[in-house]
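J.: Need a 3D model of the sequence below.
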Amino acid sequence: MSSEPRRPSTVLEPAETELLRRALGEWGGPARASDDLARAMGFADVTAMDLELPELRRALRQDAPLSARDWARALVATEFVFVSDLYGSGTDWRTTTGRDDDETINALRVIQRKLGPIVQPHYGGHALHRADEGSR
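T.: Next comes the predicted model:
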């Protein structure tokens, strides 16, 4: 798979892109990461995460090309915020997003399969932190 940046509309259905956008919006609201968790998701720390997530959301909304690194960060941040009750929305997901858990997990599985070839270099966190990957 090419490492060229990919527009959301060439990878995901609009509802799938919207799920990622909505999930990323949970961070800084009901969801709070630690510096360690932010680093695990590919951000330098929570401060950097708080600054970069709105840019990822904007790129998703405007159909701007995302790098493989940004796709990986958007995916893992969505996974954590949906599932984790300690850091993310967890059991409050339905209340804070209006989205059903069953529908969300099914949609997330589809997104994971579609993004798999794009984010594959980042499996296990490999290369997620490399500065030379850059963003959009």
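
J.: Contacts only, for T96.
T.: By Cβ atoms under 8 Å, 6 or more residues apart in numbering, T96 lies in contact with E26, G29, P30, S89. To be clear about C-beta, it is placed using only N, CA and C from the backbone, and glycine gets the same treatment.

J.: same thing with T17?
T.: Per Cβ under 8 Å, 6+ apart, neighbours of T17: P8, S9, L60.

J.: Over to the nearest residue to R32 once chain neighbours are set aside. Which of the three states is it?
T.: Once flanking residues are discounted, R32 sits nearest to Y87: 6.5 Å by Cβ to Cβ, 6 or more residues apart in numbering. Here Y87 is coil, with the state taken from DSSP: H, G, I helix; E, B strand; the rest coil.

J.: burial count for Y87?
T.: 16 (other Cβ atoms under 10 Å).

J.: Report the separation between it and R6.
T.: Y87 sits 28 Å away from R6, going by Cβ to Cβ, to the nearest Å.

J.: The helix ranked longest in the chain - contacts with which helices or strands?
T.: Looking across the chain with DSSP state H, the single longest helix is helix 101-119. Here helix 101-119 is seen to pack against helix 14-26, helix 68-83, helix 93-97 when contacts are counted using 3 or more Cβ pairs under 8 Å, 6 or more residues apart in numbering; DSSP states H and E.

J.: about what we covered before: now list the buried members of the contacts of T96.
T.: Buried subset of those (neighbour count, 16 or more other Cβ atoms under 10 Å): E26, S89.

J.: now, the most widely separated pair of the contacts of T96?
T.: Maximum pairwise distance among the contacts of T96 (Cβ to Cβ): 8.3 Å, between G29 and S89.
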